[in-house]
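K.L.:
Provided below for reference: sequence and predicted model.
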Amino acid sequence: MDKKENEKKGKMEKEENEKKRKMEKEENEKKIKMDRREEELEERRKSAKERIEFLSKKDGSFDRIVEDIKQNPEKGPLEKVIMTQFVNFCHGRKEKKEDDQEEDEGKSKTKRKRSRKRKPNTASLHALAKNFPRDNMIEIKKTKGRCLQMYQEKEAEKSKKGEKGKRINFAKVGLEPPPPMPSDLMEKIKSRGGTDVKLVIMKQLFETDLKTGQDRLSIPEKQVRDPTFLEDHEKKIISDDGRIRVSVIEPCGFDSEMCFRKWPMNTTFIYALTSSWRSVFLREENEELLKKNAVVQLWSFRVNGKLCFALVNVRKGDPDSDSDSDATASGSQKEGGEDDASSSNSTVIDQEEDKSV
């Protein structure tokens, strides 16, 4: 019994000692925190006193406030009244500075507006632009020279846009009615079991058709010659933002797999061949056949019900020439016929041009 009681007493003493140690630690931590707070407050008071002393030495405003308060005592502790009066004084001086700055800014704005009116007007600059060529622009002053340069650059852009919009008149160059499919291409399609041959479009190739970043041959809906080349279920697929995998015979005779799609526009829509069109017009064998301003035909046919296309070059392109020039194509198509077609998918117009050279 004595042993058990001694053990209990020992445990109780240990627990009490631990509690005392914890209490002492907490008290020490509280004292340390209080000391730190007092130190921080003292530092703030010192900095405030130093600031007040500095301001009082600078213009003597603080001393004047203290004298006024002593002469006219108010309710409340003296230190609090002095500090509130001094803070109000500093705040009022700050607002005055801000008002002065706003007035200065308003004056500077009015001066700028007057200076703008003195600049030369655009009418005189347009007149100078017509009379002065680009080589003599260096002799003009810098302010006018910049405006003239911008004006001439805009005029050059307008002329370029006009050149881009030039379209080939198919009737003038002898392409209306459209020339028939070359005989060797027709035989190639028949050997594969192709049927239901239809002319989808005859179009001029523009820069947008030959840009590597876009990778598509556009087929505008308004330029489609035979809209029955698509079946009803195919129309539904592409109308639902889908695509149809098709095989295309290139102008050089190679075969490619592409996607046929439909893109809605503002008031109409366009069909497009995508996915590997870039590799077609960049192929070395198609380099002379697929250039800017070239005229091509896209024919559709079916093999076991599957939609296929054949691309034919009708007229070679020249990126630097006008679209309506090269009149050598005007009568050669009628004279040539179908029997003299070359191994590539191009009509007699190109061959006649080569012979004349």
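P.N.:
Yes, it's here. Computed from a predicted model, the values in this text were never measured in an experiment.

K.L.:
is the residue nearest to S247 when sequence neighbours are not counted in a bridge, and if so with what?
P.N.:
Leaving out its chain neighbours, the residue that sits closest to S247 by C-beta to C-beta, 6 or more residues apart in numbering is C308, at 5.0 Å. Just so you know, the C-beta spots here come from the backbone N, C-alpha and C atoms, and that holds for glycine as well. C308 forms beta bridges with S247, F301, as assigned by DSSP bridges.

K.L.:
now do the contacts for C308.
P.N.:
By C-beta atoms under 8 Å, 6 or more residues apart in numbering, the residues touching C308 are G194, V246, S247, V248, I249, S300, F301, R302.

K.L.:
equivalent analysis for W299, please.
P.N.:
Here W299 is in contact with M181, V197, K198, L199, V200, F309, A310, L311, V312 (C-beta under 8 Å, 6+ apart).

K.L.:
now the residues you listed: which count as buried?
P.N.:
Among these, the ones that count as buried by 16 or more other C-beta atoms under 10 Å are M181, V197, L199, V200, F309, A310, L311, V312.

K.L.:
now for the one helix or strand the second one maps to, which elements pack on it?
P.N.:
Here V197 is covered by strand 194-204, with elements defined by DSSP states H and E. Here strand 194-204 is seen to pack against strand 216-220, strand 295-303, strand 306-315 when contacts are counted using 3 or more C-beta pairs under 8 Å, 6 or more residues apart in numbering; DSSP states H and E.

K.L.:
and with 7 Å instead?
P.N.:
strand 295-303 (3 or more C-beta pairs under 7 Å, 6 or more residues apart in numbering; DSSP states H and E).

K.L.:
which regions of the stretch 51-200 of the chain sit below the pLDDT cut-off?
P.N.:
The stretch 51-200 of the chain contains residues with pLDDT under 70 at 51-83, 85-100, 102-165.

K.L.:
give me that answer again for 50
P.N.:
136-144, 162-163 (pLDDT under 50).

K.L.:
buried subset of the contacts of C308, written for ChimeraX?
P.N.:
In ChimeraX, this line selects whichever of the contacts of C308 come out buried by 16+ other C-beta under 10 Å:
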select :194,246,248,249,300,301,302
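
K.L.:
could the contacts of C308 go into a markdown table alongside distance to L205?
P.N.:
Converted to a markdown table, the contacts of C308 look like this (distance: C-beta to C-beta, whole Å):
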| residue | distance to L205 |
| --- | --- |
| G194 | 25 |
| V246 | 19 |
| S247 | 21 |
| V248 | 15 |
| I249 | 17 |
| S300 | 19 |
| F301 | 22 |
| R302 | 26 |
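
K.L.:
pick the one among the contacts of C308 closest to E7.
P.N.:
The closest of those to E7 turns out to be V246 (C-beta to C-beta; 96.1 Å).

K.L.:
quick one: contacts for that closest one?
P.N.:
M258, F260, L307, C308, F309 (C-beta atoms under 7 Å, 6 or more residues apart in numbering).

K.L.:
just K198 next, same as before
P.N.:
Shown in contact with K198 (C-beta under 7 Å, 6+ apart): D226, F229, W299, S300.

K.L.:
hmm, I201 and the last one touching each other?
P.N.:
What it means is S300. No: S300 is not in contact with I201 according to C-beta atoms under 7 Å; the separation is 9.7 Å.

K.L.:
intersection of neighbour lists for those two?
P.N.:
With C-beta under 7 Å, 6+ apart as the test, S300 and I201 reach no residue in common.

K.L.:
now do the helices in this structure.
P.N.:
Under the criterion DSSP state H, the chain contains helices at 2-59, 61-71, 78-117, 122-131, 142-164, 183-191, 232-239, 277-281, 329-336, 348-356.

K.L.:
for stretch 279-288, the averaged confidence score.
P.N.:
What stretch 279-288 shows for mean pLDDT is 90.

K.L.:
I'd like the numbering to begin with 39 instead of 1 from here.
P.N.:
Okay, residue one is now 39; in that scheme the one you just asked about reads as stretch 317-326.

K.L.:
ok, residues contacting it?
P.N.:
If you take C-beta under 7 Å, 6+ apart as the criterion, stretch 317-326 is touched by L248, E288, P289, C290, S294, L328, K354.

K.L.:
switch to 10 Å and redo it
P.N.:
With C-beta atoms under 10 Å, 6 or more residues apart in numbering as the contact definition, stretch 317-326 has outside contacts at 243, 247-250, 253, 255, 286, 288-292, 294, 296, 311, 327-329, 332, 349, 351, 354-355, 382-384, 388.

K.L.:
residues near S85, how many?
P.N.:
10 (other C-beta atoms under 10 Å).

K.L.:
got the confidence number for it?
P.N.:
77.

K.L.:
and it, how far from R75?
P.N.:
Counting by C-beta to C-beta, to the nearest Å, the separation of S85 from R75 is 16 Å.

K.L.:
tabulate the contacts of K236 (a markdown table), appending pLDDT and distance to E56.
P.N.:
Output for the contacts of K236, formatted as a markdown table (pLDDT from 0 to 100; distance: C-beta to C-beta, whole Å):
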| residue | pLDDT | distance to E56 |
| --- | --- | --- |
| D264 | 94 | 100 |
| F267 | 94 | 95 |
| W337 | 96 | 99 |
| S338 | 96 | 95 |
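
K.L.:
which among these gets closest to V211?
P.N.:
W337 (19.9 Å).

K.L.:
per-residue confidence for S314?
P.N.:
S314 is given a pLDDT of 88.

K.L.:
how near is it to M219?
P.N.:
Relative to M219, and taking C-beta to C-beta, S314 is found at 23 Å.

K.L.:
again, but for S317
P.N.:
24 Å.
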